[in-house]
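# Quick one, fold the following:
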Amino acid sequence: MKASIKRGLRKSFIHIATLPLILIYALLTNNFGKDIALYFLTFLLIVILELDYFRIELKLKIPILKDLVRAKEKRDLGGDFFFLIGAIISLTVFSFPIAIASIAMLTFGRSASHIIGKRFGQIKIKRFGKSFEGLLAELFINLLVGFFLLMPVFPLLNSILITILMAFTATLTEMVTKRLDDNLLIPVFSGFNGQILALALPYLFSII
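Alright, predicted model coming up:
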């Protein structure tokens, strides 16, 4: 297996392994309030920032972490830092179901794009450096995630429309992003669009 695929699998595992953090956040929110839960995530963010400081500024080789850093992160903050920022923004600003859906789309959709794209990608979208197969897999997983998480919360039509908008936003953001970190952009952009639509739909249906 190529080194790039192995690294992609390791990064995907790290993202999926962070999902228990969301469960801890939910438990802390229910038992101690939202502020304590956000303090917990912020504490983790500071720890990651400190590790990146040691890695970048002091040039220390941190075990495990050095194997997960992508080439463009050698002299920059790692993706896990931006992942936590995106999670904190989403959980603070958006409703809990939409925040969880936006984070899950990043976690599972992006992982599917990387794994399927690297392993089976044949049709290349040269302008963006992506494969059509990877993006299609990402869109499919994002739709599944949205339907699974949002259908129990919103009316059927609302959940379908919100899911479609969020899934396409997440997939397109991952496709076109080159210089900024999509670990931050995907949950924030998809969650923002989903939240705005969720707020607007009742008014739109009342007008119709």
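# On the three-state scheme, residue 48 is what?
Local secondary structure at residue 48 is given as helix here, using DSSP: H, G, I helix; E, B strand; the rest coil.
# so what's it up against?
By CB atoms under 8 Å, 6 or more residues apart in numbering, the residues touching residue 48 are 78, 80-81, 84. To be clear about C-beta, it is placed using only N, CA and C from the backbone, and glycine gets the same treatment.
# Make a PyMOL selection of the buried ones in these.
To isolate the buried members of those in PyMOL, using 16 or more other CB atoms under 10 Å:
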select buried, resi 78+80+81+84
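# For the contacts of residue 48, please prepare a markdown table with the additional fields secondary structure and distance to residue 142.
As requested, these are exported to a markdown table (DSSP: H, G, I helix; E, B strand; the rest coil; distance: CB to CB, whole Å):
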| residue | secondary structure | distance to residue 142 |
| --- | --- | --- |
| 78 | coil | 23 |
| 80 | helix | 21 |
| 81 | helix | 23 |
| 84 | helix | 21 |
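# Of the contacts of residue 48, which one scores lowest on pLDDT?
Across these, the smallest pLDDT goes to residue 78, namely 74.
# thought it was touching residue 50?
No: taking contacts as CB atoms under 8 Å, residue 78 lies outside contact range of residue 50: 11.9 Å.
# rewinding a little: compile the contacts of residue 48 into CSV and extend it with columns for distance to residue 128.
Shown next, in CSV, are these (distance: CB to CB, whole Å):
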residue, distance to residue 128
78, 22
80, 23
81, 24
84, 26
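# ok, now how distant is residue 89 from residue 122?
Using CB to CB, to the nearest Å, we find residue 89 at a distance of 36 Å from residue 122.
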